[in-house]
Each structure stands twice: as structure tokens, then as C-alpha cells.
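> predicted model and sequence follow; I will ask about them next.
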Amino acid sequence: MIEHAKYWQDKALGGVEILKATFVKQHFPRHVHEGYCVAVIEKGAQHFLRDGAEHTAPVGSIVLVNSDQVHTGRTATEEGWSYRAIYPTPAELAPVIADIFGPGVEPWFPEPVVRDPQLARGLQVLHCLLEQGDEPLHCETLYYQMMGQLMQRHARMRPRQLLEKGGSHWAVAKVKEYLQAHYADAVSLKDLTDCTGLSPSYLTRLFTRMTDMPPHAYLNQVRVSRAQQLLRMGLSLTDVAAATGFSDQSHLSRHFQRIMGVSPGRFAKVC
């Protein structure tokens, strides 16, 4: 298979992020998405880390990753893998969630890989219609139908221990706050220990255990997220790199491609 990726924000769905891709050598590092990841495997198989465990998604299965949940991604076969993915944020799914779980709830997908042929087929049809730019009413209707079925069949209320994980510790919250405020700077571990008063080794272990990624990976995630925002505002790649703490455009492109699966230049053309 030949690697390619097509990313867009769909106007018919109010800007929901969509990706159609084939990857062979791409190896996504630990990263998160603002929205849920709902992906149907069309060819090959995907191997990925979620919930601290390794999973394999074969053809026809649906990969589910929760909003802001750390995960990875790579091929599980020599040929690579092809998939169609939708990344709706909890806010974008709020009407569907409220109908099923009630208002103010953020559901959780407990299973990383599910086999639901009827739903997988429906998601593929929806994705193809969005790619073809079909009638907005048709796309919207099918989108809410598919998301409703997905939530009813495979989502659950988030367990309390998972609500507490990843940010309830005061030091982790403080480090996150610092990195989100200083992502454009050359942040050192000493900066983080100074703002928490903890030792470098303990702070690194604590942060990694609570968030499933080390501080430098979290910083790169923040930088790439901010880069997406600036690219949507029309800033040049050079300006975006300078504004987000990357040393140059090449540095930005390398991290952006690794996390997003598409280059910042291609992202800028469709966002």
C-alpha cells in the first residue's frame, strides 16, 4: 500500500475533523485528541496502545479512543493499514450525549476495539458521503444516527477512578498549567521542579504515571495543538513554528506529522 492521508474539517457537521488514511511506516507516538477517535479499519490492521495495554484492530473493526486519552498507533502488518476516522469533540456530540446519558455527561468507551459490522458499515457510508460532499441534510441525519447507535451500544458512564486519573494531583495540574502557559519557551525540567517543589525524578515518574506520557511529550502535544489553532488563523508555517516553541519549520513539521498524520502544510490548506 502507498501512504497517503486526507484530512478535512467537514462544514456539513460544523467543523468535525475527518481523516482518511493509509499508513505503512507512520508510527504515532503517545498523543491525545481533543475529540473522540472513531475509526473503521478498511485494510490491514492497526496496532496501538490504550489504557496501558496493547491492542490490535483488524479489518472491519472499529477503533475507539476517548477524548484526551493517551494512545499510539502503528501498523500490525507488513502492508500497513487503511482507515476512515471521525474525531467529534464531546461538545460537538453534546446533543447526542444528552439524549442518551443526560446533560453534562462525558461518556466513556471502555473497549478499544469493537466488532459491530452493521455500525462499521454505516460509519463507512457516512465517511464516503462526507468525502463526496453529499447533501448536508443527508450527511447530518446519518451522522447523528451513527453517533447515537455508537453511544447506545458501546459507550458507558466514565468510572470515577478514570475521572480522577490524569490531573487530580496538584503537582500534575500545576505542571500542565505551566506547560500550557510556556509552550513557546525552552522549558527545562528545573522550571517544572521549581514550580512544584518536587525532585526531578519523582516529578517525572508522577507526571508519567498520572498522564501516560512524560512531560516533554505533553509539551509537544500542547505545541502541536496550538499550531493547529494558528494555522487555522492563516499564519505562515515559519511564524507558527516561531510562535509555538519549535526551532524552525522543519522541527514543527516533524512533530506535527508524527502526531497528526498529515503535514502542517496540508493541514493549512484544508482547515
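The structure has been received and is ready for your questions.

> can you report phi and psi for the spatially closest residue to Arg115 that is not a sequence neighbour?
Of all residues not flanking Arg115 in the chain, Ser61 sits nearest, at 5.4 Å (C-beta to C-beta, 6 or more residues apart in numbering). (Glycine included, C-beta is placed from N, CA and C.) When quoted as degrees, to the nearest 10, the phi and psi of Ser61 stand at phi -90, psi 170.

> what segments of the stretch 51-200 of the chain are helices?
94-101, 117-132, 136-154, 160-164, 170-181, 189-196, 200-211 (DSSP state H, counting those that start in this stretch).

> and the angle for the third one with helix 94-101?
To tie it back to what came earlier, the one meant is helix 136-154. Helix 136-154 and helix 94-101 are oriented at 40 degrees to each other (axes from the mean of the first three to the mean of the last three C-alpha atoms, to 10 degrees).

> since we're on the residue nearest to Met210 when sequence neighbours are not counted, how many residues are nearby?
By the measure of C-beta to C-beta, 6+ apart, the closest residue to Met210 outside its immediate chain neighbours is Val172, 4.7 Å from it. For Val172, the neighbour count with other C-beta atoms under 10 Å is 22.

> ditto for Arg153
11.

> now swap in Tyr202 and tell me
One way to gauge burial is a neighbour count; for Tyr202, by other C-beta under 10 Å, it gives 12.

> then the one 4 residues further on?
Close neighbours of Leu206, defined as other C-beta under 10 Å, add up to 17.

> tell me the contacts of the nearest residue to it once chain neighbours are set aside?
When the adjacent residues along the chain are set aside, Leu206 lies closest to Ala171, with 6.2 Å between them (C-beta to C-beta, 6+ apart). For Ala171, the set of contacting residues under the criterion of C-beta atoms under 8 Å, 6 or more residues apart in numbering consists of Thr196, Leu198, Leu203, Leu206, Phe207.

> distance to Lys190 and pLDDT added to these, as JSON lines?
JSON lines is the format used below for those (distance: C-beta to C-beta, whole Å; pLDDT from 0 to 100):
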{"residue": "Thr196", "distance to Lys190": "11", "pLDDT": "93"}
{"residue": "Leu198", "distance to Lys190": "12", "pLDDT": "91"}
{"residue": "Leu203", "distance to Lys190": "11", "pLDDT": "91"}
{"residue": "Leu206", "distance to Lys190": "16", "pLDDT": "92"}
{"residue": "Phe207", "distance to Lys190": "15", "pLDDT": "92"}
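
> coming back round to it: show the pLDDT at the residue nearest to Leu206.
Predicted confidence (pLDDT) at Ala171: the value is 93.

> could you measure from it over to Thr204?
The gap separating Ala171 from Thr204 is 11 Å, by C-beta to C-beta, to the nearest Å.

> cool, Asp10 as well?
Counting by C-beta to C-beta, the gap from Asp10 to Thr204 is 39 Å.

> same check on Thr72?
Going from Thr72 to Thr204 by C-beta to C-beta gives 19 Å.

> and if you look at Leu252?
As it turns out, when the distance is counted by C-beta to C-beta, Leu252 lies 25 Å from Thr204.

> when those two are compared, which one has more neighbours?
When Leu252 and Thr204 are compared on other C-beta under 10 Å, the one with more neighbours turns out to be Leu252, at 25 against 18.

> surely that one is in a helix?
Yes - note on Leu252: a helix contains this position according to DSSP: H, G, I helix; E, B strand; the rest coil.

> enumerate every residue touching it.
Leu252 makes contacts with Ala227, Leu237, Val240, Ala241, Thr244, Phe246, Pro264, as judged by C-beta under 8 Å, 6+ apart.

> so where's the stretch 151-271 of the chain uncertain?
Under the criterion of pLDDT under 70, the regions of the stretch 151-271 of the chain flagged as low confidence span 159-168.

> ah, wrong one, I meant the stretch 1-150 of the chain
Under the criterion of pLDDT under 70, none of the stretch 1-150 of the chain is flagged as low confidence.
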